[in-house]
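K.L.:
Prediction below, plus the sequence it came from.
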Amino acid sequence: MVTTTPIAPAAPPVVRRGRLKLRNTLLGWTFLLPNFVGFAVLTLVPVVALFYLAFTGWNVFGKAPWVGLDNFQRMLHDPTFWVSLRNTLYYTAFHIPLTLVTSLGLALLLNRKLRGVAFFRTAAFFPYITSIVAIAVVWNMLFSPEYGPINQFLLRLGVDNPPGWTSSATWAMPAVIIVGTWREMGYYMLLFLAGLQTIPPELYEAARVDGANAWQRFWSVTLPSLRPTTFFVTVMLTIGSFKVFDLILVMTNGGPGQSTLVLSQLVYRKGFEENQFGYASAIAVVLFLICVGVTVVQFVVNKRRDR
Amino acid sequence: MKRSMATALGLAAAASLVLAGCGSSSGDGDDDATSPATAAATEAQDPVTLSLAGWSLATTPEFQELADAFHAENPNITVELKEYDAANYDTQMIADLAAGSAPDVYVLKNLKNFYTYQSGGQLVDVSDVSEGLGDEVSGLKAYEVDGATFGVPYRQDSWYLYYNKDLFDAAGVEYPDGSWTWDDYADAAEKLTPALAATGAKGTYQHSWQSTVQGFALAQTKGASLLEDDFGYLEPYYDRALKLQTDGAQESLGTVTTNKLTYQAQFGTQKAAMMPMGSWYVATLIAQQASGDAQKFAWGIAPAPQFDSSTTGTSKTPITFGDPTGLGINPAADDDTIAAAKKFLAFAASEDGAKGLAGIGITPAYVSDAVSEAYFGVAGVPTDDLSKFAFSTHDTKPENPVNKNTAAIQNILNETHTGILSGSTDVAGGISSAESRVKSEVAP
């Protein structure tokens, strides 16, 4: 078994190796380029520009005058910024655990050998690939305070004063959270399913032999083995929740009043509706820093648990 | 072989990067390649091609109408249309102007954004054009900044009260007669609703826009201003709207937004006997009645209900609101193109231009008997005396005074609108919070 031939024999191959390296580098770059060009032009450059613009008073046309920290100071005294920050945290605080629990529950349910399991998996995934505008329109109708089926159902159940959902400042955010969770749970369910299938069955067998019941098996085998998946899902969910935008834009447009106005929509409003790109960039920077901060904390906590 | 392929690909990709870089940096617009004409034109007689921005060209014929009529009068100037998306018009136009690829003449679709274009140096001073225009052109003043004019209006929409004559007859309620205040309007809506209960129609329909309440309040209340942090003038208008909602005389805002009701369907399929709406809806309703999207019924337009009786009656001039739609010239165009563009602007605001626009159901900025005649010559336009009065006699105040803070204040007031009409806040509370927000959030 010592028949491995040496790759580079003598002098000429040294030159060729240099060439080979160059060729490989070039090839690598060529494969990267199509994606990288798009990324650079459409994402990287604007993002870098954003960090500069956040310190200017740019309003679309003409020069971008440097204003230092003015935009950030303005944010401190802007009640709308705080309202949207609060709303964003509200959405995040409920959307993450809800989605985590429902998607994990679905995954556990659909990880068994059931008849028609493929159908149910597809059904659960369907909302994720449905147009968000269609989702918003249909759910808005379901939530309609007077004629909507949801409130009709609640009335049947004996709820005297069913909530106004998207037409009420108190209930608009819960309504959005419900739809957001419903929409995304299928996607995260898929990730959990993949995670579940990597757990070696021997572990369950061993647990069973040791006399562990179903709950103990879940708690001591499934959850720990799923930790990499759970971590990934939590990070994705956190970032997604902080920058929730499209769903709210089409469902409530931030209303009624300011009850569902979130940070990313404030960025859009200040930038594209009021043409205050400097201020909008500053808010975007803050949103970015929040996302980075929370993600770093999650990584640190995860690392610690790894030990 | 493989290697040369890879190198070629790499080179191509690199080249495209460089090109993309060049493309984004040539934002000065001095080498504007979009106006193909007149590089060496010395005489005005040389053929010139103007590019003109428009939106939804298939359903918005006014741009083609203006372009064709102008070309007929000026055979050496051809106007080519460039289509934009109606909903994102201003965003796209701002991007094109910044990139130097905008058309020579562009439409100032919303007065709200005029300030952005003008203060950004994206409009040619067209004072010489406006000086040649008479008093017949309404809405011209909106485009004046420090004594100079930067845009010329070609259409001037105004808000009327649309009413369904068949439903009024069925309910046994008298038609509007031009003497209505808002209280008369509310009374009629309250009377119509129970009388029409069998048909399922409501007395009136108020669309979800803030304009339906705030536009009238701002235009009709003496001393009301959008730009000062005193919005007390909104209070009686919101009290009335809320009462109509709770009494069931009109759909609530929640029902309108959650069911995505459209005003075209509500009035067009006889779900409401009245509806305050802008003049653009006349042409839409006629077209939809012809196509079957709207039911066939007799309807008319009446002047908007008034704040008090001092402006009611056909001997007075009722006050309503509406923003003009104007044309502006892109400063990146060369001199000959700008000269031709100015001719085009003058034509769009002239009586001849107005007659053509009126002939397709548009409300032109130029007002005269001949224009009215052309307008009421359109098949389907209601020709009763009150409709004619409503079309020809009104004092239309702008909804969006030109100011750097207009967009920000309107956004705040829109939140006030949904807050109050959804019952999330009471009227006084909503208004006072809007006032304090304008104080703290809007730059003075």
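P.N.:
Sure thing, it's come through.

K.L.:
Distance check, B:A219 against B:K109.
P.N.:
20 Å (Cβ to Cβ, to the nearest Å). The way it works is simple: take the backbone N, C-alpha and C, and place the C-beta from them, glycine included.

K.L.:
can you check A:P228 too?
P.N.:
Separation of A:P228 from B:K109 (Cβ to Cβ): 52 Å.

K.L.:
who has more neighbours, those two?
P.N.:
B:K109 (19 against 12; other Cβ atoms under 10 Å in any protein chain shown).

K.L.:
The nearest residue to the more buried one once chain neighbours are set aside: neighbour count?
P.N.:
Using Cβ to Cβ, 6 or more residues apart in numbering or on different chains and skipping the chain neighbours, the partner closest in space to B:K109 is B:Y89 (5.1 Å). When neighbours are defined as other Cβ under 10 Å, B:Y89 has 19 of them.

K.L.:
Run a quick check on B:Y89 versus B:Y106, I expect a contact.
P.N.:
No. The pair B:Y89 / B:Y106 is not scored as a contact, 9.2 Å apart, by Cβ atoms under 8 Å.

K.L.:
what is in contact with these two at once?
P.N.:
Listed contacts common to B:Y89 and B:Y106 are B:A53; contacts here mean Cβ atoms under 8 Å, 6 or more residues apart in numbering or on different chains.

K.L.:
Distance check, the closest residue to chain A within the stretch 1-150 of chain B against A:W58.
P.N.:
Closest contact between the stretch 1-150 of chain B and chain A, by Cβ to the nearest Cβ, is at B:G120 (2.8 Å). As defined by Cβ to Cβ, B:G120 lies at a distance of 11 Å from A:W58.

K.L.:
now swap in B:V371 and tell me
P.N.:
43 Å.

K.L.:
related to what we said a few turns ago, OK, contacts around the residue nearest to B:K109?
P.N.:
B:A53, B:W55, B:V107, B:K109.

K.L.:
Filter the residues you listed down to the ones in strands?
P.N.:
Counting by DSSP state E, these place B:A53, B:W55, B:V107 in strands.

K.L.:
export the residues you listed to JSON lines and tack on neighbour count and pLDDT?
P.N.:
Formatted as JSON lines, those follow (neighbours: other Cβ atoms under 10 Å in any protein chain shown; pLDDT from 0 to 100):
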{"residue": "B:A53", "neighbour count": "24", "pLDDT": "94"}
{"residue": "B:W55", "neighbour count": "20", "pLDDT": "89"}
{"residue": "B:V107", "neighbour count": "23", "pLDDT": "94"}
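
K.L.:
Around chain B, which positions in the stretch 51-200 of chain A sit nearby?
P.N.:
A:59-62, A:77-80, A:137, A:140-141, A:143-148, A:164-170 (Cβ under 8 Å from any Cβ of the partner chain).

K.L.:
Return the subset of these lying in helices.
P.N.:
A:P79, A:T80, A:V137, A:N140, A:M141 (DSSP state H).

K.L.:
which one of the residues you listed sits closest to chain B?
P.N.:
The closest of these, once distances to chain B are taken by Cβ to the nearest Cβ, is A:N140, at 4.5 Å.

K.L.:
Now do the contacts for the residue nearest to that closest one when sequence neighbours are not counted.
P.N.:
Counting by Cβ to Cβ, 6+ apart, B:T258 is the residue found nearest to A:N140 once chain neighbours are left out, at 4.5 Å. Neighbouring residues of B:T258 by Cβ under 8 Å, 6+ apart: A:N140, A:M141, A:F143, A:S144, A:P145, A:G148, A:W165, A:T166, A:S167.
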